[in-house]
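Undergrad: A structural model of the following input is requested.
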Amino acid sequence: MISVNRNWARQALTTGLLFVLSQSCLAAVDIEKKITQHIDKSLADSASLLEKTVNINSGTMNFDGVKKVGALYQAEFDAMGFETQWVDGEEFNRAGHLVASFGSTGPKILMIGHLDTVFAKDDAFQNYKRIDDNHVAGPGITDMKGGDVIIIAALKALKELDLLDKVSVKVVMTGDEESSGSPLSLSKKALIDAAIWADIALGFEDADGDIKTAVVARRGSIGWQLDVTGKPAHSSQIFTDTIGYGAIFEVARILNTFREELAGVGNITFNPGLIAGGTEVTVQPENSIVQGFGKTNVVAKEVTVKGGIRTLTPEELTKAKNLMQDIATRSLPHTSATLTLEEGYPPMAPTEQNYALLKMYSDVSESLGYGPVEPVNPRNAGAADISFAADYVDMAIDGLGLMGEGGHTKDEIADMTSFAQNIHKAAVLIYRLGENGASMGE
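TA: Here you go, the predicted structure:
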């Protein structure tokens, strides 16, 4: 991890980020009770904001929808007295990002959300729909408009209670988490700049959907494309010295060797998700379409495969890249292969500091009567924007958002019993971070 070595973070880690309950802390307990009560009084307004934004389609490429959701959230931050900015996304072919900032003292906290969803403008799944007293369906309700509203509700409660002056907060809600703009150096610049500024990063994704867990580590995710060529000929000549094995047998060899040499190695996984081959292959990257034309009596000339790699640490990613490139070069006769590795999400490696921050979050949860919070198994949580921030801050956790199930599907359903709980926990965590910073002389 690239540590910024700020005095607050070093001292906080040394003390284990423990909020020790003593006689002098009784007033703090009363304050925390006021925080949760204030949140509960405003819970209907928070739920209304959630419903309103879920009902706005904000599929990543629906720029107007993403901007509309951003404008609603921006108005909330403006009303709180935050400095807000809309970062236009034209340079990286996306709608843009919302950035909101408050304060100049105490620990610097980055809170991360995103405005976009996976559901396109013409998708049939468009509306907020109550299932029962505790469950609501809706596109992006857990991934992650629920998390966005939790950020707003927690900060609003602290601001209205005059409890936000001991921390500095920067909120970044990106408009391209589900499908990153290109180049990443531009599309993730606002997020990375905020992370360079911050001491701590808090992500409000729903992680594995279990309120009893949070994320201290996420596997990174990058794409790859394998292009293989063979020598076309009548199929009767396959396996001969002059024709060789053709492109399809070479792809089969490469993919199977990937499996044999990488499956089960650490936390590395790879997935070939799309393939086409034959006499001719055409690729439409903007639509994720690969098409092949060929005949059964012709040795295949071309194959294209598109897939992804997920790793937990930079070392695992380097290992996977090097091994896959080596495998691709072990060509069968009269074939050749080119493996292209794309940009993507870096790993968020587990660190001692991340576990310390999780311990403080778990202590908050227990003190509020919600029980302990354990780390998510990295295999159960996908890539997320916090991965771009984690290497620049001293400590980071994610998965603090609205819990539920069925993310990225038409069965996306939020467990609304987690809504108030996670607003409570986020607000009290920020309050305690400020109190710790103040007690350490920041």
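
Undergrad: right, and residue 144 touches residue 206 too?
TA: Yes. The pair residue 144 / residue 206 is scored as a contact, 6.5 Å apart, by CB atoms under 8 Å. Any C-beta I mention is one placed from the backbone N, CA and C, and that applies to glycine too.

Undergrad: joint contacts of the two?
TA: Taking CB atoms under 8 Å, 6 or more residues apart in numbering as the contact criterion, the common neighbours of residue 144 and residue 206 are 401, 402.

Undergrad: tell me where the model's unsure across the stretch 51-200 of the chain.
TA: Across the stretch 51-200 of the chain, nothing is flagged by pLDDT under 70.

Undergrad: would you map the strands across it?
TA: Remark: strands assigned in the stretch 51-200 of the chain by DSSP state E, counting those that start in this stretch are 83-88, 96-102, 108-114, 129-132, 135-137, 168-174, 200-203.

Undergrad: parallel or antiparallel, list what pairs with the first one.
TA: In the sheet containing strand 83-88, its partner strands are strand 96-102 (antiparallel), by DSSP bridges.

Undergrad: the residue nearest the centre of the chain and residue 314: what is the separation?
TA: Nearest residue to the geometric centre of the chain (CA atoms, centre = their mean): residue 384, 1.2 Å. Taking CB to CB, to the nearest Å as the measure, residue 384 and residue 314 are separated by 17 Å.

Undergrad: residue 243 and residue 295: what is the separation?
TA: Distance, residue 243 to residue 295, by CB to CB: 15 Å.

Undergrad: so which of the two has more stuff around it?
TA: Neighbours per residue (other CB atoms under 10 Å) separate residue 243 from residue 295, with residue 243 holding more: 19 against 10.

Undergrad: buried ones in the longest helix anywhere in the chain, by neighbour count?
TA: Counting by DSSP state H, the longest helix found in the chain is helix 417-439. Neighbour-count burial for helix 417-439, counted by 16 or more other CB atoms under 10 Å, picks out 418-438.

Undergrad: how far off strand 168-174 does it point, in degrees?
TA: Compare the direction of helix 417-439 with that of strand 168-174 by axes from the mean of the first three to the mean of the last three CA atoms, to 10 degrees and you get 140 degrees.

Undergrad: could we number from 74 for the rest of this?
TA: OK, 74 is where the count begins now, so the last one is helix 490-512.

Undergrad: average model confidence for helix 490-512?
TA: In this model, helix 490-512 has a mean pLDDT of 92.

Undergrad: picking up where we left off before, now, of the strands of the stretch 124-273 of the chain, which is deepest in the fold?
TA: Of all the strands of the stretch 124-273 of the chain, strand 273-276 has the most neighbours on average by mean count of other CB atoms under 10 Å, namely a mean of 29.

Undergrad: export it as PDB, just CAs?
TA: Output of strand 273-276 as PDB, limited to C-alpha atoms (Å, rounded to 0.1, in the frame of the first residue of the first chain):
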ATOM      1  CA  ILE A 273      -9.500   7.100   4.900                       C
ATOM      2  CA  ALA A 274     -11.800   5.800   2.200                       C
ATOM      3  CA  LEU A 275     -15.300   4.400   2.900                       C
ATOM      4  CA  GLY A 276     -17.200   2.700   0.100                       C
END
